[in-house]
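Student: Give me coordinates for this.
(chains A and B)
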Amino acid sequence: MIFNRSVRPLAGAVLGLALSTGAMAAEVKTIAVLTPEQGTDFGWNQQGIEGAEAAAEATGKEIIVAQGLGYGNVRPTLRELAEDGADLIIAHASGYTTEAIEVAKEMNVHVAVGATSEPPLVGMYELAGEKGSFLAGVLAARMTKTGTIGIVVSSESPNWNAQSAGFAQGVKSVAPETTLRYAIIGPAAYADVAGARRVTESVIASGADVIFGQGNGSSFGMIQAVETLKTPGGDKVWFIDVIGDKSSIDKGHLLSSVLWDMGPVFTQMVKDIEADTFGTASYALNLEDGSQRLLKTDHIPEDVWAELEDVKAKIISGEIEVEMVIEPAATRAMMSETIASAE
Amino acid sequence: MSGLLTETFLAALLSGAVVAAVPLILAGLGEQMSERAGVLNIGLEGMILGGAYAGFAAAVGGWGIWGGFAAGILAGMALAMIMVVFCVRLGINQIIVGIAITLGVTGVTALLHNVYFARTYPRLPAPEKWAIPGLSQIPLIGPGLFDHHLMTYAALLAPFVLMWLYKGSFLGLNLSAAGEKPEALDAAGIDVTRTRTTGALFAGAMAGLGGAYLSEIGSGIFVPAMSHGSGFIAIVLAMLARHRPVWVMGGALLFGLCLSAATALQVGGVEIPTDFIQMLPFAMVMAVLIAFGRKARLPAALGTPYRRGQR
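Tutor: The predicted model follows:
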């Protein structure tokens, strides 16, 4: 017996302190990223994986990718990644937050989550392109012929809420008379491609000729609706996507996309872990460094693109302020108010 | 909200409700027959997903929509054979095997999608519809209810065919006996295993067809996990409707209508919690079926393996 009873608590406290500070000032050798779906969705999962890979390459680290994990319990995977030597685990789904924080404390490993920050182990990243969505709203307002624009989302996640609100603000900034239609496919309808098509068809039938769609896998159902339907007046329907670039599979309806480049965000996390500042500030996409930007396609007229560049400059300079709304109730209230004012 | 109430919008809502209901009708009817024969098919979700993948792959691969339906049926039956071998023949726990089928198919179809479709995301053209003369011209409801793909009408007729089968054929009686009192069926000289196999395979075929409808007509594309719980909803519908095929259809249509009503409320800007709106379809279906179907009961030998000579 090395410690007697009186010394044991003190030794335990010292050991605990040593363990709890072990995560700080760490050298990052390996980054791991977990995604709920395969990284081939031209969206959330693919951009998350590509962002982590870009960060690993930029900082010279190893990368472990765990994809297609679903939306259930990922604690075993998190523990396994920590045991495999991951120094930073990016839990790339809002549903992973609670489990990731638990495992961060249990395994003394850094995790990046989407909802909260608890330095030194837990860092929060807010992946919302609300400013890019504002630009998308301006674009939609300039391109609509029917004067009705639809927003279709696969859930009420903070990211989608922020972007829906940013988009609505953009529309109203240049065309306050525009009618907005807002529909949620389901509580977590990220793969509900049939539901997405059904809801989008209803929104198009209500007169919308531009659809701002946020959905992961279900985005393809929205695209199907856009490609196979016209408005009641016979107008072509445009689609504005988010996160990824679907140009390579476009059939002539992809107007733009609010692109997310997560590489700079994850790179900064690695630097902050090594500088003992991880989690002290949240990480976000921004227009300034291009980590959120609007995709330019051939369907956007030059004069409209020039206007968008001008609006972008004003957002960056602070002349135009985009309100960040992430709460579901606040987002719904904003949409209802917008719909009511137009009617 | 009033500005929304155009014929086009109402037609889209009704049409959407019917299309959303069809996979549930098909899978629910299959489950009902399986349960009637004493086999609880928890793997229905996996069979829908398998049918969705096979149907879409066949349709994209040049077999056409109907070839896709055939592929969906075959895929569903192939998966149902797992139930037959492990549960009907070997007497292994039906719930465990069903869960294994769903988990396995979810993984396999995601993998196949990743290999074959994930870079190109092929999409099918809009399905060809057949407007029923006269009925499809009824103002407001006609375009939404009577202008659909032929398979939609077939699905709506299926409950009546099964109603006749259950009440007017020996096969129907045998299926009921296999689920209620298999030893009596055996004593009458009818092969219980074969009867239960028929029920289980029919469930697989209908779930596979429902899945193919989901990917070919409902969405025109396949993405991993796209069944999105349809199989479990169909199981609930089959259980609550008990022995009545038409009630499965009624429940599924009510579910679809509630989905469309939820969309209409959202699009109209009605500011009530979305969780409440989205709970509506589930709550309505359960309330109606429980209220009107509470006297019905499940087969006595449901989920129980049958071995000759054992009590």
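Student: any idea how far A:N161 is from the nearest residue to A:A183 once chain neighbours are set aside?
Tutor: Spatial nearest neighbour of A:A183, excluding adjacent residues (Cβ to Cβ, 6 or more residues apart in numbering or on different chains): B:Q266 at 4.5 Å. To be clear about C-beta, it is placed using only N, CA and C from the backbone, and glycine gets the same treatment. Separation of B:Q266 from A:N161 (Cβ to Cβ, to the nearest Å): 14 Å.
Student: Confirm for me that B:A57 is in contact with B:Y116.
Tutor: Yes - the pair B:A57 / B:Y116 is scored as a contact, 7.1 Å apart, by Cβ atoms under 8 Å.
Student: starting at the chain centroid, how far to stretch B:130-137?
Tutor: Computed by Cα atoms, centre = their mean, to the nearest Å, the chain-centroid distance of stretch B:130-137 equals 26 Å.
Student: Okay, now that stretch: how far is its last residue from its first?
Tutor: End-to-end span of stretch B:130-137 (Cα to Cα, to the nearest Å): 13 Å.
Student: Identify each buried residue in that stretch, please.
Tutor: B:S136 (16 or more other Cβ atoms under 10 Å in any protein chain shown).
Student: Residues contacting it, please?
Tutor: Residues outside stretch B:130-137 that contact it (Cβ atoms under 8 Å, 6 or more residues apart in numbering or on different chains): B:G142, B:P143, B:L145, B:F146, B:D147, B:H148, B:H149, B:L150, B:Y153.
Student: Give the buried residues for the helix or strand the last one falls within.
Tutor: Taking DSSP states H and E as the criterion, B:Y153 maps to helix B:150-168. By neighbour count, and taking 16+ other Cβ under 10 Å as the criterion, the buried residues in helix B:150-168 are B:M151, B:T152, B:A155, B:L156, B:A158, B:P159, B:L162, B:L165, B:Y166.
Student: Mind listing residues that contact that helix?
Tutor: Applying Cβ under 8 Å, 6+ apart, the external contacts of helix B:150-168 come out as B:18-19, B:22, B:25-26, B:29, B:32-33, B:36, B:65, B:69, B:130, B:132, B:171-172, B:175-176, B:213, B:217, B:243-246, B:248-249.
Student: mind saving the C-alpha coords of it as PDB?
Tutor: Backbone C-alpha positions of helix B:150-168 (Å, rounded to 0.1, in the frame of the first residue of the first chain) are rendered in PDB as follows:
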ATOM      1  CA  LEU B 150     -51.600   3.100 -62.500                       C
ATOM      2  CA  MET B 151     -49.800   1.500 -59.600                       C
ATOM      3  CA  THR B 152     -51.500   4.000 -57.300                       C
ATOM      4  CA  TYR B 153     -55.000   2.800 -58.300                       C
ATOM      5  CA  ALA B 154     -53.800  -0.800 -58.000                       C
ATOM      6  CA  ALA B 155     -52.700  -0.100 -54.400                       C
ATOM      7  CA  LEU B 156     -56.100   1.400 -53.600                       C
ATOM      8  CA  LEU B 157     -57.900  -1.700 -55.000                       C
ATOM      9  CA  ALA B 158     -55.700  -4.200 -53.200                       C
ATOM     10  CA  PRO B 159     -57.500  -4.000 -49.800                       C
ATOM     11  CA  PHE B 160     -60.700  -5.100 -51.500                       C
ATOM     12  CA  VAL B 161     -59.100  -8.000 -53.100                       C
ATOM     13  CA  LEU B 162     -57.600  -9.100 -49.800                       C
ATOM     14  CA  MET B 163     -60.900  -8.600 -48.100                       C
ATOM     15  CA  TRP B 164     -62.400 -11.100 -50.400                       C
ATOM     16  CA  LEU B 165     -59.400 -13.400 -50.000                       C
ATOM     17  CA  TYR B 166     -59.700 -13.400 -46.200                       C
ATOM     18  CA  LYS B 167     -63.500 -13.900 -46.200                       C
ATOM     19  CA  GLY B 168     -64.100 -16.000 -49.300                       C
END
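Student: Okay, now the unreliable bits of chain A?
Tutor: Residues of chain A meeting the criterion pLDDT under 70: A:1-25, A:339-343.
Student: can you pull out the helices in it?
Tutor: All helices of chain A, identified by DSSP state H, fall at A:7-20, A:44-59, A:75-83, A:97-107, A:130-143, A:158-174, A:193-205, A:219-228, A:263-274, A:302-317, A:328-342.
Student: May I see those helices arranged in CSV, with mean neighbour count and distance to B:G204 as well?
Tutor: Converted to CSV, the helices of chain A look like this (neighbours: other Cβ atoms under 10 Å in any protein chain shown; distance: least, Cβ to Cβ, whole Å):
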stretch, mean neighbour count, distance to B:G204
helix A:7-20, 10, 53
helix A:44-59, 22, 31
helix A:75-83, 17, 31
helix A:97-107, 19, 35
helix A:130-143, 27, 45
helix A:158-174, 25, 37
helix A:193-205, 29, 21
helix A:219-228, 27, 26
helix A:263-274, 21, 45
helix A:302-317, 14, 53
helix A:328-342, 18, 40
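Student: TSV for the ones you listed, including distance to B:G189?
Tutor: Listed next are these as TSV, based on distance: least, Cβ to Cβ, whole Å:
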stretch	distance to B:G189
helix A:7-20	72
helix A:44-59	57
helix A:75-83	52
helix A:97-107	56
helix A:130-143	70
helix A:158-174	62
helix A:193-205	45
helix A:219-228	51
helix A:263-274	70
helix A:302-317	79
helix A:328-342	62
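Student: Nearest to A:Q292, out of these?
Tutor: Proximity to A:Q292 (Cβ to Cβ) singles out helix A:130-143 among the helices of chain A, at 4.2 Å.
Student: relative orientation of that closest one and helix A:158-174 in degrees?
Tutor: If you take axes from the mean of the first three to the mean of the last three Cα atoms, to 10 degrees, helix A:130-143 sits at 40 degrees to helix A:158-174.
Student: about what we covered before: turn the buried residues of helix B:150-168 into CSV, columns for pLDDT and distance to B:T197.
Tutor: Below are the buried residues of helix B:150-168 laid out as CSV (pLDDT from 0 to 100; distance: Cβ to Cβ, whole Å):
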residue, pLDDT, distance to B:T197
B:M151, 97, 26
B:T152, 97, 29
B:A155, 97, 24
B:L156, 97, 28
B:A158, 97, 21
B:P159, 97, 23
B:L162, 97, 18
B:L165, 95, 17
B:Y166, 94, 18
